[in-house]
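**Q** 3D model of this:
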Amino acid sequence: MKHLLVLICLFAATGCNSENKERNRQAGPKHEKAKLISMKSTKDNAIETLRKSDCSKSAEAAESAYKYANKALNAESLDNIQDNSKDAMQAFGEARKYAAKCGCTRTNEVADNGFMFSKKAYQSGNLRDALNYAQEARKVATALLVVSDSCSYK
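**A** Model (predicted):
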């Protein structure tokens, strides 16, 4: 009698576990699918946030590039033009890097042009050429402000 009672309890416990396992197995795919969808939307939101952050950083670098390009254009000596052009070149490089990360192709292209003109002003050996390149760099910096601003609000 004692063994029969143990067998009944064991069968009841196993049967309940089997029913729970079957129920969990059937509910599992739905639950897992919901988890995956939730993870995907969380991942998409995180990527979007990072992109907006990179676009904002690109816009901030564009402001710095404009500031330094303007200082280079208003400088009175070749050394000052070169120093400010070097800073502008670095800011254009930052804008280019962050624009590439956030997917703003036009911003990336404009920043690349600004980098090129700032580099030419930095490497220039005479005042007149340095001023001409600094002027072009400032024009590009102005354009960069516009395109990076539109990129920031995508």
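
**Q** could you dump stretch 81-89 to CSV, C-alpha only?
**A** Extracted in CSV, the C-alpha atoms of stretch 81-89 (Å, rounded to 0.1, in the frame of the first residue of the first chain):
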residue,chain,number,x,y,z
ILE,A,81,47.1,81.5,-40.4
GLN,A,82,48.9,78.2,-40.2
ASP,A,83,48.1,77.6,-36.6
ASN,A,84,44.4,78.3,-37.0
SER,A,85,44.2,76.4,-40.3
LYS,A,86,45.7,73.4,-38.4
ASP,A,87,42.9,73.6,-35.8
ALA,A,88,40.3,74.0,-38.6
MET,A,89,41.8,71.0,-40.3
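
**Q** show me what counts as buried in that stretch.
**A** When neighbours are counted by 16 or more other Cβ atoms under 10 Å, the buried residues of stretch 81-89 are found to be 81-89. In this view, the C-beta of every residue, glycine as well, is placed from N, C-alpha and C.

**Q** count of neighbours near Val110?
**A** For Val110, the count of nearby residues is 26 (other Cβ atoms under 10 Å).

**Q** what of Glu76?
**A** 8.

**Q** now, which of the buried residues of stretch 81-89 lie within helices?
**A** Counting by DSSP state H, the part of those found in helices is 81-89.

**Q** thinking again about what came up before, name the nearest of the buried residues of stretch 81-89 relative to Tyr133.
**A** When the buried residues of stretch 81-89 are compared for distance to Tyr133 (Cβ to Cβ), Ser85 wins out at 7.3 Å.

**Q** isn't that closest one right up against Asn70?
**A** No: using Cβ atoms under 8 Å, Ser85 makes no contact with Asn70, being 11.2 Å away.

**Q** closest to Ala61 out of the buried residues of stretch 81-89?
**A** Ala88 (10.4 Å).

**Q** who touches the residue lying closest to Tyr68 once chain neighbours are set aside in this structure?
**A** Among residues not flanking Tyr68 along the chain, Ala88 sits closest, at 3.7 Å (Cβ to Cβ, 6 or more residues apart in numbering). Neighbouring residues of Ala88 by Cβ atoms under 8 Å, 6 or more residues apart in numbering: 64-65, 68-69, 72, 114, 118, 121, 137, 141.
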